[in-house]
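Fold the following, please.
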Amino acid sequence: MSEKTTRQNFTKAFREDAIKLVMEQGYSCSEAGRRLGIHSSNISRWVREFRHDQEDIAEGGVT
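Below is the predicted model of the structure:
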């Protein structure tokens, strides 16, 4: 029988730290993922969402 896997939940603070590694410290998503022990696709998605949210704020959109 196959075992069910559960999704890993990350706190907002953890996601923010991962984004800062990429945005402020110049890590690639792969490097940040290795450092934090998670898959780089998670970090890529968080950075992409962060940038999108920042664009919305800059354009006077929803906060």
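
C-alpha only now, for contacts and for neighbours.
Fine.

Could you report the distance from residue 36 to residue 21?
10 Å (CA to CA, to the nearest Å).

Compare those two (neighbour count), which wins?
Between residue 36 and residue 21, counted using other CA atoms under 10 Å, the more crowded position is residue 21 (19 against 15).

Could you report the separation of the closest residue to the more buried one other than its chain neighbours from residue 9?
Counting by CA to CA, 6 or more residues apart in numbering, the nearest residue to residue 21 once its immediate chain neighbours are dropped is residue 27, at 5.6 Å. For residue 27, the distance to residue 9 equals 22 Å [CA to CA].

do residue 59 as well
For residue 59, the distance to residue 9 - CA to CA - is 31 Å.

Run through the protein and note the low-pLDDT ranges.
1, 61-63 (pLDDT under 70).

quick one, longest helix in it?
helix 40-58 (DSSP state H).

which helices and strands does it pack with?
helix 12-23, helix 29-36 (3 or more CA pairs under 8 Å, 6 or more residues apart in numbering; DSSP states H and E).

buried stuff in the first one?
Right, helix 12-23. Going by neighbour count (16 or more other CA atoms under 10 Å), the buried part of helix 12-23 is 18-19, 21-22.

Residue 60 versus the nearest residue to residue 33 once chain neighbours are set aside, what's the distance?
In this structure, residue 33 finds its nearest non-sequential neighbour in residue 40, 4.7 Å apart by CA to CA, 6+ apart. Separation of residue 40 from residue 60 (CA to CA): 30 Å.

One more: residue 16?
Distance from residue 16 to residue 60, counting by CA to CA: 22 Å.

swap in residue 24?
24 Å.

For residue 50, which residues are in contact?
residue 19 (CA atoms under 8 Å, 6 or more residues apart in numbering).
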